[in-house]
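**Student:** the following block contains a protein sequence and its predicted model.
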Amino acid sequence: MNTLTIGRNIKRLREEQNITQQMLAEKLSISFQAVSKWETGITLPEVTLLPTIAETFGVTIDDLFQPNMKAYRNKAERLMSLYESKMDNMEIFHQADREYKKLFESGNFTDEDLGYYAYLLECHAQYYLKVAEEYYVKSIEQGSQLKEESYYKNQRQYILFLSRLGRSQESIDKYSKAILQEPDNPQHYSSLIAAYKNAGDLKNAIKVAETGLALFPSDAILLTYAGDTYKQLLNYDNAKKCWERAYQLDKNLIDSQYSLACYYIENRLPEQAEKALNEIIAWNNERGYEIENRWAESELKKIKQAENNE
C-alpha cells in the first residue's frame, strides 16, 4: 500500500473542498497532526476511518488509493464515471443511482448533475440493450434447430427490437433474402411485412402481404399482419376481413382478436367489441393469463358504463 498516494489524494480532496487539516481532524475525531502525517506519507489512516474519509470527500474507498485520481465535483459524478467503464457492474450503477437521488433530494445540484444522471441512465439502458440483443440472437439460433412457433415469434420480436434502434433495414434485407431462399415458407412473408411496417414503409409492407396471401391464403399469421397493415393504410374493410379470417383459421391466434377488438372500440361498435373482448378474456382464462386480461376487462367496463349512461 503506497502511503504517499493516499496522503496526496487526501490533501488534494481536502484542498478542492476548502477543508483545513483541523476541520478534517475534528470530523474524524483525531488530531490535525495525524492528518498532516497522512498527507506527507509518514503514516496511513486506520482502516476503520477510510469509509468516513471517503464519505467526507464524496469518493469511493478505492479512489483514495488511485495513483492518478481524477477530480470530480461529487461522489455521484465519480461513481457515474466508474460505471461508464464497468457497465456490467450493477452494484456500481445502484450506488451511483442512490448518490444522484440523494443529491437531488438535498436540492444542492446543478444542470450538469442532471445531465450526468441522464447519461448514467443512458449507459445503463445501452448496456441492457446490448444484452437483450445477445439473447434475441441466442434464442433465434437455438430455435432454428426445430423452427417451432416460438422461433418465428422471437424473430418478429427481434425485428421490432431492431426497428426501435433504427436498424430496420437489417431485417428488410434479411427477410427479402429469406423469401428468395425459401419461397414456400409463409413465415418469411410475415417477418418481412413486420420489417417494412416497423420501418414505416407501408407501401412495401402491403405489397409483401398481398403477394404472400396470394401464395398462402390460409396462413393465419400472415392474415393478421396483413390486417394490421391494411388498418394503418385506413383500409378498414380489408383489415377486418383478414382478422376475422385469421381467427376462424386458428383460434389460438388471439392477436387477430385483439386487433378486431381495437377496431370495434375505435369505430364505436359496442356489441362487436364486447364479443371480441369476451373472447379474449375467455382465451386468457383458459391458459391462466389473468394479468393479461386487465386491458380487456377495463375496456369491457367502459362499454358497460357507457350503456348504463344512455
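**Tutor:** Everything's here; your move.
**Student:** do a quick rundown of the strands in the protein.
**Tutor:** For the chain, applying DSSP state E gives no strands.
**Student:** residue contacts, the residue at the greatest distance from the centre of it?
**Tutor:** For the chain, the largest distance from the centre (C-alpha atoms, centre = their mean) belongs to Gln33, which lies 52.4 Å off. If you count contacts by C-beta atoms under 8 Å, 6 or more residues apart in numbering, Gln33 has none. For glycine as for every other residue, the C-beta is placed from the backbone atoms N, C-alpha and C.
**Student:** so for it, what's the pLDDT?
**Tutor:** According to the prediction, Gln33 has pLDDT 94.
**Student:** against Leu44, how distant is it?
**Tutor:** 15 Å (C-beta to C-beta, to the nearest Å).
**Student:** cool, and Val137?
**Tutor:** Distance from Val137 to Leu44, by C-beta to C-beta: 49 Å.
**Student:** quick one: low-confidence parts of the protein?
**Tutor:** Residue ranges of the chain with pLDDT under 70: 1-2, 71, 310.
**Student:** remind me, longest helix of it?
**Tutor:** In terms of residue count, the longest helix belonging to the chain (DSSP state H) is helix 111-143.
**Student:** just the buried residues of that helix, please?
**Tutor:** Taking 16 or more other C-beta atoms under 10 Å as the neighbour-count basis, helix 111-143 is seen to contain the buried residues Asp113, Tyr116, Tyr117, Leu120, Cys123, His124, Tyr127, Tyr136, Ser139, Ile140, Gly143.
**Student:** and for stretch 167-181?
**Tutor:** Here stretch 167-181 shows Ser168, Ser171, Ile172, Lys174, Tyr175, Ser176, Ala178, Ile179 as buried, counting by 16+ other C-beta under 10 Å.
**Student:** number of nearby residues for Ile254?
**Tutor:** Counted with other C-beta atoms under 10 Å, the neighbours of Ile254 add up to 19.
**Student:** could you pull up the residues touching the residue nearest to it when sequence neighbours are not counted?
**Tutor:** Excluding its sequence neighbours, the residue lying closest to Ile254 (C-beta to C-beta, 6 or more residues apart in numbering) is Trp283, at 5.0 Å. By C-beta under 8 Å, 6+ apart, the residues touching Trp283 are Lys251, Ile254, Gln257.
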